[in-house]
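Asks: dropping the sequence and predicted coords here.
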Amino acid sequence: MTGPDEYSAIKDNNVYTNLMAQRNLASAAEAVTRLPSEAETLGVSTEEAASWRDAANAMYVPFDERLGVHPQHEGFTDYARWDFKSTHEDQYPLLLHFPYFQLYRKQVVKQTDLVLAMYLRPDAFTAEQKAANFAYYEPLTVRDSSLSACIQSVMAAEVGQLDLAHDYLAEAALMDLRDVEHNTSDGVHMASLAGSWLALVAGFGGLRTGAGSLAFSPQVPDGISKLTFRMRYRGRKLCVTIDAAKANYELLEGDPLPVSHHGEKFELGHQAVEYKIPRVKAGPRPEQPPGRAPYNRSATD
């Protein structure tokens, strides 16, 4: 298979793909239980649904015990690393200068793969694994795709690398305004522009969904004094305001709903609530491959 990273194709047990398949199988089995009439109409038996659940539970997710990280696919961490020091700046994107035969057998990442899995399946990783995985893959990710920076921003924020997350946000948001990749003349990067919303709301806002309720783990970098955003969720309208010390949650429309703030659950009603923001202790800022650091946002200050 080929996962999100297009420099690692025709591989077995891509973590992202396996985790998405696991979620889909488990969700489908749950839907059969929740919607028995519809399941009967579609000819789905409880036995078939049980087989989906068994397949989800048996899904293989590789982990490298030696390094303490998840290989993005089976065997990835056993490959030799790409020779970044001997790769010149004008040889990026790599796919235009090197055969895929070389790329597929080395540790080099075009765009976020395992890091994307951590964002979409946060329940499948511990906080320690997320930090270790993020630190491991940053020096391997060359971002030969504009799709990468926004997700790297989201996960950088989650593991406490707020300044790095801010740089990746700038890259995603200014991809065309500053012609970061020198190819805006070929067309705008709409996915990167949309990704800047993810970087703000899922990154610094810490928004996660998928478990039946909204969860927020906000953190804002020193360069942002306040972040406010509104959103609609299951018939409700919310407003979230975040600064360095606190987060304010306000329900503007709709019925009360369960919400969590940095793991603390509460019901958000028609009275706005405020919570202090704990700081995530982060390790050293990880480095990127030589010449592939994110866009320097200070150039736009």
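Replies: Yep, it's here. Numbering: from 1, shown residues only.
Asks: assign residue 232 to helix, strand or coil.
Replies: Three-state call for residue 232 (DSSP: H, G, I helix; E, B strand; the rest coil): strand.
Asks: residues contacting it?
Replies: By CB atoms under 8 Å, 6 or more residues apart in numbering, the contact set of residue 232 is residue 238. For the C-beta atoms, the positions are set from N, CA and C on the backbone; glycine is no exception.
Asks: got it, and residue 55?
Replies: Residues near residue 55 by CB under 8 Å, 6+ apart: residue 25.
Asks: that one falls within a strand, correct?
Replies: No - secondary structure of residue 55 (three-state DSSP): helix, not part of a strand.
Asks: I'd like to know how far it sits from residue 18.
Replies: Note on residue 55: its distance to residue 18, by CB to CB, to the nearest Å, is 11 Å.
Asks: please enumerate the helices of this protein.
Replies: Using DSSP state H, the helices of the chain run over 15-34, 36-41, 46-57, 100-104, 114-120, 127-137, 148-158, 162-173, 190-198.
Asks: now the fifth one: buried residues?
Replies: When neighbours are counted by 16 or more other CB atoms under 10 Å, the buried residues of helix 114-120 are found to be 114-119.
Asks: make a markdown table from the residues you listed and add distance to residue 168 and pLDDT to it.
Replies: Shown next, in a markdown table, are the buried residues of helix 114-120 (distance: CB to CB, whole Å; pLDDT from 0 to 100):
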| residue | distance to residue 168 | pLDDT |
| --- | --- | --- |
| 114 | 16 | 98 |
| 115 | 11 | 98 |
| 116 | 13 | 98 |
| 117 | 17 | 98 |
| 118 | 15 | 98 |
| 119 | 13 | 97 |
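Asks: check the gap between residue 158 and residue 281 for me.
Replies: Using CB to CB, one gets 13 Å for the distance from residue 158 to residue 281.
Asks: of the two, who's got more company?
Replies: residue 158 (24 against 8; other CB atoms under 10 Å).
Asks: and residue 80, what does it touch?
Replies: Taking CB under 8 Å, 6+ apart as the definition, contacts of residue 80 comprise 105-107.
Asks: can you check residue 173 too?
Replies: Per CB under 8 Å, 6+ apart, neighbours of residue 173: 192-193, 196, 199.
Asks: and the residues you listed as a markdown table, adding distance to residue 67?
Replies: Compiled in a markdown table, these are given as follows (distance: CB to CB, whole Å):
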| residue | distance to residue 67 |
| --- | --- |
| 192 | 31 |
| 193 | 35 |
| 196 | 32 |
| 199 | 28 |
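Asks: tally of neighbours for the closest residue in space to residue 59 that isn't next to it in sequence?
Replies: Closest residue to residue 59 apart from its sequence neighbours, by CB to CB, 6 or more residues apart in numbering: residue 22 at 4.2 Å. Look at residue 22: counted by other CB under 10 Å, it has 19 neighbours.
Asks: thinking again about what came up before, which one of the buried residues of helix 114-120 is nearest residue 243?
Replies: Closest approach to residue 243 among the buried residues of helix 114-120 (CB to CB): residue 119, at 23.8 Å.
Asks: wait, that closest one sits on residue 199?
Replies: No - assessed by CB atoms under 8 Å, residue 119 is found out of contact with residue 199, at 10.9 Å.
Asks: now the residue most central in space within the chain: how far from residue 4?
Replies: Centroid-nearest residue in the chain, with CA atoms, centre = their mean: residue 119, separated by 3.2 Å. Distance, residue 119 to residue 4, by CB to CB: 11 Å.
Asks: got a list of what residue 23 touches?
Replies: By CB under 8 Å, 6+ apart, the contact list for residue 23 reads 56, 121.
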